[in-house]
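J.: Just the structure for this:
(2 chains)
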Amino acid sequence: MAAATASRSGLRSALPLLAPAYLWLTVAIFLPLSAMVFFSFMTELPLSGRPWAFTLGNYAAFFSQSLYLTLLLASLRLGLEVTLWCIVIGYPAAYVLAKVLKGRSREAIFLLVILPFWSNGLVRIFSWAMVLREGGILDTALNAVLPFKINIDLMYSYPAVIIGLVHSYVPYMVLTCYLTLQAIDDSLIEAGRSLGASRLQVLKRVIIPLSMPGLVAGAALIFVPVVGSFMEPRILGGRTGTFYGTVIEDQFVAVFNWPLGAALSFILLAVVLVILAVASPVLRRAA
Amino acid sequence: MRMPDLTALLTATAVFTSALAFAAKADEVHVLNWKGYGADEPWAVEAFEKATGNKVVNDFFNSEQEMLTKIRTNPGLYDVVMINAAFNDQAMDGKLIQPIDVSKLPNYADISKDKAGSPMLVHDGKVYGVPWVWGLTALAINDKSFDKPPTSIAEMWDAAHKGRVVIRDDAVEAVQFGAIATGQNINDIKDMDAVKAKLTSLMPQIKTFWSSENDWNQMVASNQIDIGTYWSGSADRAKTHFKLPVSLVVPQEGAVAWLDAFSIPVGAKNVAGAEAFINYMIDPKFYVEWVTKVGAPVSANTKAVEALPEDAFNRKVMGDPEVAKRIQFQAPITDAQREAYLALWQQLKVDVK
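T.: Here you go, the predicted model:
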């Protein structure tokens, strides 16, 4: 009885602290999202002033044309590839930050990792455009150093999209992995080594399993936005840059068909949720 | 602050802001147009305000559909709206725009007769749109890649330019371009399969789909492209203002022409101000300054074009009677056609991945 009263009064005193966050979530996320769900079932935008009715046609459009499914699969593949590269690049960096570097040098490297976060996304992509194109910074620099002539023109290609996206999202992986790696007690690693495990065995049996929550969190943080990305593919991808996200953007910006754009977005949301739901038991066991 | 005070303050603020937002003042002219398209040039706005005492308030749209939605949902807010002639029908049918008393526009008499009398703008003898400027979606080339300019649209398919061709990311423009390449009327495409086949064979040539003038100019500046579709006004601007090696080519097969016009929405609060603004927009003085300072499409006002130097691009090339014979003006298209074009274009873009 006393405990129940205490927890209730605890909740009551916590309410003023929680209210701003929940109010913000309601106003800024829940209401607009509900409006979008509503729009996705309409024939016309109610704002357009034309007569409108409820319909499932926008969702049916996804299934009636094979191109949406093709694009969705392409976007999911893009998400997987970018996540994989982020792990390959981000995890070792996080390990070095957490376990090798100390003091000043750690702060300096950390700053370098976070730096992309502080610059505008569009600026980053346009900088990549300057680097990757034929006669661009990378091409010129390599040709100045190398004795033979090579021609590097990565701009407007699938690899350019991957490079741009990996660059934008790798800090997430570094940060989440850094947090879990740092929490691993050094004595566990020393114990493994003193019991005769090789470095590789320690990595496989001790470090990776213990840092799995960070890896999973980082992967989820990266995979979800990359599947819906549209800015990077559009600017860096050229003629290969059509993805599910760019088609949704077209519906909103170019042809002003919000209902179809909203329906396509919610199909994406549903697919991503299903993937995360199916993957979560596996990942939880791994973590 | 006591509660009643707070409520009173909030109410007062709300009333005040809504009054500001909705009660367009009598001497304000609210203009709806593309961003960076003449009507919002600071020097032009200043000159107009000084001459008439009206204050110009600019608002912008990103697509024609958005423009129509904005006038539909804000009745009485806008006084002047810029509408592509191909969309004038749709705006009139929706009772969104009103007839214009052209006797109040001294410059209207100088508009070329074929533009002023366009059936897209004049319905039952009433004028629903005042022609402003027109231009072409034709080809432009990187001068560095050609010894002499090509004359045929087939150059886009030449294997020598593989991976150095661009086309705008716009379904209607792409389909109409395909119609010209297959020798069809852009406003009455009989053989859609031929258009699809032609565009499909173009796709492997493409470097990227451009969406803004800046995209195009940057690719030419870094010598990444040879040829592509481009707007006439933009090609002129690239050559004269950015000093880029760009030349416009109006291919022998033809080119797509468009006409932009000003209309006055139903319920406009400041019709007199709107008339004054439209008259100023078609004035030779404004036009010459726009061309010289920024670069612009071709004015519908013959006197304005004549006020340009003899060798000006908008006078010499665009005024060439040979060019006039080849171009096809865009007529209205239905929503169903637009959706069909978009579906075709998206399919092409997916197939090339």
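J.: What about A:Val274, how many residues nearby?
T.: A:Val274 has 10 neighbouring residues, counting by other C-beta atoms under 10 Å in any protein chain shown. No exception for glycine: its C-beta is placed from N, CA and C like everyone else's.
J.: Check A:Met173 too.
T.: Here the number of neighbours of A:Met173 (other C-beta under 10 Å) works out to 28.
J.: mind checking which helix or strand it is in?
T.: A:Met173 belongs to helix A:158-183 when assigned by DSSP states H and E.
J.: and that helix, what other elements does it pack with?
T.: If contacts are counted by 3 or more C-beta pairs under 8 Å, 6 or more residues apart in numbering or on different chains; DSSP states H and E, helix A:158-183 sits against helix A:66-95, helix A:103-118, helix A:121-132, helix A:208-227, helix A:231-236.
J.: so where's the chain uncertain?
T.: Since no chain was named, I'll use chain A. In the predicted model of chain A, residues A:1-9, A:47-49, A:285-287 satisfy pLDDT under 70.
J.: that's the wrong chain, I wanted chain B
T.: B:1-26.
J.: any idea how far chain B is from A:Ser66?
T.: The gap separating A:Ser66 from chain B is 9 Å, by C-beta to the nearest C-beta, to the nearest Å.
J.: now do A:Gln201
T.: According to C-beta to the nearest C-beta, A:Gln201 and chain B sit 43 Å apart.
J.: which ones are touching that residue?
T.: A:Gly192 (C-beta atoms under 8 Å, 6 or more residues apart in numbering or on different chains).
J.: Next up, phi/psi of it, please.
T.: When read as degrees, to the nearest 10, the backbone of A:Gln201 gives phi -70, psi -40.
J.: do the same with B:Lys190
T.: Note on B:Lys190: backbone dihedrals following degrees, to the nearest 10 are phi -90, psi -40.
J.: Now it: closest residue in space, sequence neighbours ignored.
T.: Spatial nearest neighbour of B:Lys190, excluding adjacent residues (C-beta to C-beta, 6 or more residues apart in numbering or on different chains): B:Gln184 at 6.3 Å.
J.: Kindly present the helices and strands packed on helix A:158-183 as a markdown table, with separate columns for distance to A:Leu25.
T.: Converted to a markdown table, the helices and strands packed on helix A:158-183 look like this (distance: least, C-beta to C-beta, whole Å):
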| stretch | distance to A:Leu25 |
| --- | --- |
| helix A:66-95 | 25 |
| helix A:103-118 | 23 |
| helix A:121-132 | 24 |
| helix A:208-227 | 18 |
| helix A:231-236 | 25 |
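J.: Skip ahead from the helix holding A:Met173 and say which helix or strand is next.
T.: Next element after helix A:158-183 (DSSP H and E): helix A:186-194.
J.: Quick check: buried residues in that next one?
T.: A:189, A:192 (16 or more other C-beta atoms under 10 Å in any protein chain shown).
J.: again, but for stretch B:185-195
T.: Result for stretch B:185-195 [16+ other C-beta under 10 Å]: buried residues B:186, B:189, B:192, B:194-195.
J.: and which of these is nearest chain A?
T.: Using C-beta to the nearest C-beta, B:Met192 is the member of the buried residues of stretch B:185-195 that lies nearest chain A, at 16.5 Å.
J.: where's that closest one relative to B:Lys349, distance?
T.: Separation of B:Met192 from B:Lys349 (C-beta to C-beta, to the nearest Å) stands at 17 Å.
J.: Same question for B:Leu105.
T.: According to C-beta to C-beta, B:Leu105 stands 43 Å off from B:Lys349.
J.: Please apply the same query to A:Tyr59.
T.: 22 Å.
J.: Same question for B:Asn314.
T.: Look at B:Asn314 and B:Lys349: by C-beta to C-beta, they are 33 Å apart.
J.: One more: B:Ala86?
T.: Distance of B:Ala86 to B:Lys349, given as C-beta to C-beta: 23 Å.
J.: Please say which of these two ends up with more neighbours.
T.: When neighbours are counted by other C-beta under 10 Å, B:Lys349 comes out ahead of the other of B:Ala86 and B:Lys349, with 24 against 19.
J.: got the contact list for the more buried one?
T.: By C-beta under 8 Å, 6+ apart, the neighbours of B:Lys349 are A:239, A:242, B:203, B:209.
J.: Quickly find the element holding it.
T.: Element membership for B:Lys349 (DSSP H and E) is helix B:335-351.
J.: got the CA positions of that helix in PDB?
T.: Extracted in PDB, the C-alpha atoms of helix B:335-351 (Å, rounded to 0.1, in the frame of the first residue of the first chain):
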ATOM      1  CA  ASP B 335      -4.800  14.800 -65.400                       C
ATOM      2  CA  ALA B 336      -5.200  11.300 -66.800                       C
ATOM      3  CA  GLN B 337      -2.600  12.100 -69.500                       C
ATOM      4  CA  ARG B 338      -0.300  13.600 -66.900                       C
ATOM      5  CA  GLU B 339      -0.500  10.400 -64.800                       C
ATOM      6  CA  ALA B 340       0.100   8.200 -67.800                       C
ATOM      7  CA  TYR B 341       3.200  10.200 -68.700                       C
ATOM      8  CA  LEU B 342       4.500  10.000 -65.200                       C
ATOM      9  CA  ALA B 343       3.900   6.200 -65.000                       C
ATOM     10  CA  LEU B 344       5.800   5.800 -68.300                       C
ATOM     11  CA  TRP B 345       8.700   8.000 -67.200                       C
ATOM     12  CA  GLN B 346       9.000   6.300 -63.800                       C
ATOM     13  CA  GLN B 347       9.100   2.900 -65.600                       C
ATOM     14  CA  LEU B 348      11.800   4.100 -67.900                       C
ATOM     15  CA  LYS B 349      13.900   5.300 -65.000                       C
ATOM     16  CA  VAL B 350      13.500   2.000 -63.100                       C
ATOM     17  CA  ASP B 351      14.300  -0.100 -66.200                       C
END
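J.: which parts of the stretch 101-250 of chain A sit against chain B?
T.: Within the stretch 101-250 of chain A, the residues that sit near chain B (C-beta under 8 Å from any C-beta of the partner chain) are A:133-136, A:155-156, A:234, A:237-242, A:247, A:250.
J.: Which neighbours in the sheet does the longest strand along chain B have, and how are they oriented?
T.: Using DSSP state E, we find that the single longest strand of chain B is strand B:130-142. Paired neighbours of strand B:130-142 in the sheet (DSSP bridges): strand B:227-231 (antiparallel), strand B:246-249 (antiparallel), strand B:255-265 (antiparallel), strand B:298-299 (antiparallel).
J.: if you take the average position of the chain, which residue is closest to it?
T.: Chain wasn't specified; assuming chain A. Centroid-nearest residue in chain A: A:Ile222, 2.3 Å away (criterion: C-alpha atoms, centre = their mean).
J.: not quite, I wanted chain B
T.: Nearest residue to the geometric centre of chain B (C-alpha atoms, centre = their mean): B:Asp260, 5.7 Å.
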